[in-house]
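>>> build me a model:
(chains A, B and C)
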Amino acid sequence: MIGETLSHIYQQLINHYGPQHWWPAEEPFEVMVGAILTQAAAWVNVEKAIANLRQAKALAPEPLRRLEVAQIAQLIRPCGYYNVKAAKLKALASWLGEYYQDNLDRLFAQDTEPLRRQLLSVFGIGQETADSIILYAANKPVFVIDAYTRRILSRLGLSPAGSSYSAYQRLFMDNLPADARLFNEYHALLVRLGKTTCRPHPLCGECCLNNLCQFAKNSTR
DNA sequence: GGCCAGGACACCA
DNA sequence: TGGTGTCATGGC
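Residues are numbered from 1 along each chain as shown, chains lettered A, B, ... in the order given. Below you'll find the predicted structure:
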């Protein structure tokens, strides 16, 4: 039942918005960096920070280890919280070197559960960031829960008991097929919806999303 | 000029 | 376990 509801919402979103092409990155390590930099930050500002890292040839574990935290901080200033995030990037790069010799294939060769525990042990990687990395960099089927997802489900009256991160995650993963492609698109679409300031269609006056828009960021109706 | 953006961590009760 | 303060830039 809930599965049908979740599938129905997905169909409405994909029909309306189309594929979101997440994650916007060229390689897995860039996904990991972006996942940390986007914490409580607008993606447009993260893009500037990543461009600075690329320009400085610091978009890889080894050069990040060589740079001082203060130097990294200057490069990533545009995305905010740059001092903490610089320490987080440094911690990630050090960890990858020490335990995986910077080999992401080895890191991602693990099963999802041990991989998640490993990622969560790194300073700066919490549940959402870990799951973003597992889904968008390792391409394994875990559902990413973020503030948009919680808010939208809450407004739909679908919040799970307890409202914890894992409860929201189970809601999706227990009621949808374990498909990385689906989870990828679904989460991206929820973010897209959450950012939307929706208004009735200018011609017909109706909601293009069959009233899903009333659960978006703002609604004029 | 205020609000918010694709969170995590430290500290406290 | 749960609540609160902190970290900070940039676009609207």
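
>>> around whichever residue of chain A sits closest to DNA strand C, count how many other residues there are.
When scored by Cβ to the nearest atom of the strand, chain A has A:Gly80 as its residue closest to DNA strand C, at 2.6 Å. Backbone N, C-alpha and C define where each C-beta goes, glycine included. The number of residues packed near A:Gly80 is 16, by other Cβ atoms under 10 Å.

>>> pretty sure it contacts A:Thr38?
No. A:Gly80 lies out of contact with A:Thr38 (Cβ atoms under 8 Å); the separation is 10.3 Å.

>>> for the nearest residue to A:Asn83 once chain neighbours are set aside, helix, strand, or coil?
Excluding its sequence neighbours, the residue lying closest to A:Asn83 (Cβ to Cβ, 6 or more residues apart in numbering) is A:Ala73, at 5.3 Å. At A:Ala73 the chain is in helix, as set by DSSP: H, G, I helix; E, B strand; the rest coil.

>>> what do you get for A:Ser159?
coil.

>>> quick one: contacts for the residue nearest to it when sequence neighbours are not counted?
Take A:Ser159 and drop its neighbours on the chain: the residue closest to it by Cβ to Cβ, 6+ apart is A:Leu153, 5.6 Å away. By Cβ atoms under 8 Å, 6 or more residues apart in numbering, A:Leu153 lies in contact with A:Ser159, A:Tyr168, A:Leu171.

>>> is stretch A:82-97 positioned near DNA strand C?
Yes. Against DNA strand C, stretch A:82-97 shows contacts by Cβ under 7 Å from any atom of the strand at A:Tyr82, A:Asn83, A:Val84, A:Lys85.

>>> host element of A:Ser132?
helix A:127-136 (DSSP states H and E).

>>> the strands in chain A, which residues?
A:197-198, A:218-219 (DSSP state E).

>>> comparing those strands, which yields the minimum mean pLDDT?
With a mean of 48, strand A:218-219 has the lowest mean pLDDT of the strands of chain A.

>>> my guess is A:Leu182 contacts A:Ser7. True?
No. In this structure, A:Leu182 is not within contact of A:Ser7 by Cβ under 8 Å, at 9.3 Å.
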